[in-house]
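**Student:** Coordinates only, no sequence provided:
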Ligand SMILES: C[S@@+](CC[C@H](N)C(=O)[O-])C[C@H]1O[C@@H](n2cnc3c(N)ncnc32)[C@H](O)[C@@H]1O
């Protein structure tokens, strides 16, 4: 995206200066083969300049999301969108909500871009960012600007020595809470019981968040389609835990 997508004069202090945000995970992702097919590369070169954003400089200013989408609408950030199956289905079901899909995995983003290319006539409410979601939240998203944050099946890092790599932990949840509008929704789902407990504890301990039941009326949909991770989890008998909070008002 061009300079029109940047916003200037943000007076907000860097949130990493705040005590609760000093221990953000730096590598919650694995490096994966990211080669694109010829068709994906052609689509990437054609669509990425308009729909995508990458390379986040440390001095980046928050995005002008309204200019990027060309309208004013509630904004949802989906962290770790993978190949974007949920992203596409949920954006198609909610055309009045703008969705920013973030991943470090280029081939996943390319799959989403190709799917969008085929669905362009119906789905205009998705933009993509390639980068670490911690950097995206810290540098590209203004405080109190999001109606929702979705984190579906974050990498579970099952070994104890790797738990510090898990994306959802107190520091990232505090950063997410800071970026949500009052009434905005944090929606996480995982099939890993230990990670589910850790996320539940961290979310419940965050003073700006308040847990809600899946049936509660909310400003954005929490109806998630079944992804390949979920299908795999169901086959192995793992239950999926759905965790939803809203940012408290006032
Ligand atoms: C297990 S996959 C789940 C994909 C998708 N949400 C789904 O349900 O099918 C986790 C994804 O999160 C991405 N990821 C992990 N940590 C990330 C980070 N810090 N920033 C951006 N993406 C991240 C990985 O690259 C991977 O694509």
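**Tutor:** Noted; the coordinates are in hand. Fair warning: this is a prediction, and the values are worked out from it, not measured in the lab. Numbers count the residues shown, from 1 in each chain.

**Student:** show me where this protein has strands.
**Tutor:** 52-54, 75-79, 98-103, 126-130, 146-152, 180-190, 209-211, 241-247 (DSSP state E).

**Student:** Throw the ones you listed into TSV and include mean pLDDT, distance to the ligand and mean neighbour count, thanks.
**Tutor:** Every C-beta, even on glycine, is put in place using the N, C-alpha and C of the backbone. Listed next are these as TSV, based on pLDDT from 0 to 100; distance: least, CB to the nearest ligand atom, whole Å; neighbours: other CB atoms under 10 Å:
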stretch	mean pLDDT	distance to the ligand	mean neighbour count
strand 52-54	96	12	17
strand 75-79	98	6	26
strand 98-103	98	4	26
strand 126-130	98	9	24
strand 146-152	98	4	25
strand 180-190	97	8	22
strand 209-211	97	20	16
strand 241-247	96	13	20
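
**Student:** With distance to residue 164 added, can I get the ones you listed in TSV?
**Tutor:** Shown next, in TSV, are the strands of the chain (distance: least, CB to CB, whole Å):
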stretch	distance to residue 164
strand 52-54	26
strand 75-79	18
strand 98-103	21
strand 126-130	24
strand 146-152	17
strand 180-190	17
strand 209-211	22
strand 241-247	20
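
**Student:** Residue 227 is nearest to which of those strands?
**Tutor:** Among these, the nearest to residue 227 by CB to CB is strand 146-152 (6.7 Å).

**Student:** close enough to count as contact, residue 218 and residue 247?
**Tutor:** No: with contact defined as CB atoms under 8 Å, residue 218 does not reach residue 247; the gap is 11.4 Å.

**Student:** What's the local residue count around residue 124?
**Tutor:** 16 (other CB atoms under 10 Å).

**Student:** Could you check how far it is from residue 98?
**Tutor:** 9 Å (CB to CB, to the nearest Å).

**Student:** next one: residue 206
**Tutor:** For residue 206, the distance to residue 98 - CB to CB - is 25 Å.

**Student:** Equivalent analysis for residue 147, please.
**Tutor:** In terms of CB to CB, residue 147 sits 9 Å off from residue 98.

**Student:** Identify the residue nearest residue 137 in space, chain neighbours excluded?
**Tutor:** Nearest residue to residue 137 in three dimensions, chain neighbours excluded: residue 175, at 5.0 Å (CB to CB, 6 or more residues apart in numbering).

**Student:** Identify the residues contacting the nearest residue to residue 157 once chain neighbours are set aside.
**Tutor:** Spatial nearest neighbour of residue 157, excluding adjacent residues (CB to CB, 6+ apart): residue 165 at 4.7 Å. Residue 165 is in contact with 25, 27, 28, 155, 157, counting by CB atoms under 8 Å, 6 or more residues apart in numbering.

**Student:** Quick check: residues of this protein near the ligand?
**Tutor:** 28-29, 79-82, 86, 102-105, 108, 132-134, 152-155, 167, 227, 229 (CB under 6 Å from any ligand atom).

**Student:** can you rerun that using 5 Å?
**Tutor:** 28-29, 80, 82, 103-105, 132-133, 152-153, 155, 227, 229 (CB under 5 Å from any ligand atom).

**Student:** Name the member of those that has the highest neighbour count.
**Tutor:** residue 133 (28 neighbours).

**Student:** quick one, what contacts that residue?
**Tutor:** 28, 77, 79, 80, 102, 167.

**Student:** ok, now with 10 Å
**Tutor:** Contact analysis of residue 133 by CB atoms under 10 Å, 6 or more residues apart in numbering lists 25, 28-29, 77-81, 102-104, 140-141, 149, 151, 154, 167, 172, 175-176.

**Student:** Need the per-residue pLDDT for the most far-flung residue of the chain relative to its centre.
**Tutor:** In the chain, counting by CA atoms, centre = their mean, residue 38 sits farthest out from the average C-alpha position, at 27.4 Å. Residue 38 is assigned 95 on the pLDDT scale.
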